[in-house]
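Novice: Below are the sequence and a predicted model; questions follow.
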Amino acid sequence: MPISLDDVDKRLLTLLQKNNRLTADELGDHVGTSRSSVQRRLKRFREEGIIEADISVLSPKAVGRSMTFIVEVELERERTDLLDDFRRSMLALEDVQQCYYVTGHTDFILVVTAVDMTAYEEFSRRVFTENANIRRFHSNVVVSRVKTGLDVPLD
């Protein structure tokens, strides 16, 4: 069940999704409330899991990870223990930025970064080809990032 948010909460969260380095004073000025009110709300947001993490978003290209791949993975068998094994393996791989268990013709959709095609080929061989429970995988090379982000609309 969704957590109840008032208009001030929604405005704060919208601002934080764009820039989480704003001070409590700056946030208060933007939404018309005091610093202490902002601090209480931020504490509640973190305690209730509304804010999952405070992170810095890096440019993959700037740090030498210029290639991104969208990968569809279809498993051979979907037993619970095998699904859990696959999930755990994805969580452990730094190359995997995102992993979604989905419905449809494939079981998982991944977003993977690599330094170059050679590195991705090595990754896919090690992670997909050598895994007996992967029926098939299909890789799409990202030509350009049109939009990326994790902003959640707060209507």
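Specialist: Done, it's in. Only a predicted model underlies this, so the values are computations on that prediction, with no experimental measurement involved.
Novice: check which helix or strand covers Val112.
Specialist: Per DSSP states H and E, Val112 falls inside strand 108-114.
Novice: how about the strands in the protein?
Specialist: In the chain, the strands defined using DSSP state E lie at 67-75, 96-101, 108-114, 134-141.
Novice: isn't Thr33 right up against Val8?
Specialist: Yes: using Cβ atoms under 8 Å, Thr33 is in contact with Val8, at 5.8 Å. The way it works is simple: take the backbone N, C-alpha and C, and place the C-beta from them, glycine included.
Novice: between the strands of the chain, which one is nearest to Glu26?
Specialist: Among these, the nearest to Glu26 by Cβ to Cβ is strand 96-101 (29.7 Å).
Novice: Output the contacting helices and strands for the closest one.
Specialist: When contacts are defined as 3 or more Cβ pairs under 8 Å, 6 or more residues apart in numbering; DSSP states H and E, strand 96-101 packs onto helix 80-92, strand 108-114.
Novice: could you redo the last one with a cut-off of 7 Å?
Specialist: strand 108-114 (3 or more Cβ pairs under 7 Å, 6 or more residues apart in numbering; DSSP states H and E).
Novice: Thanks a lot, catch you later.
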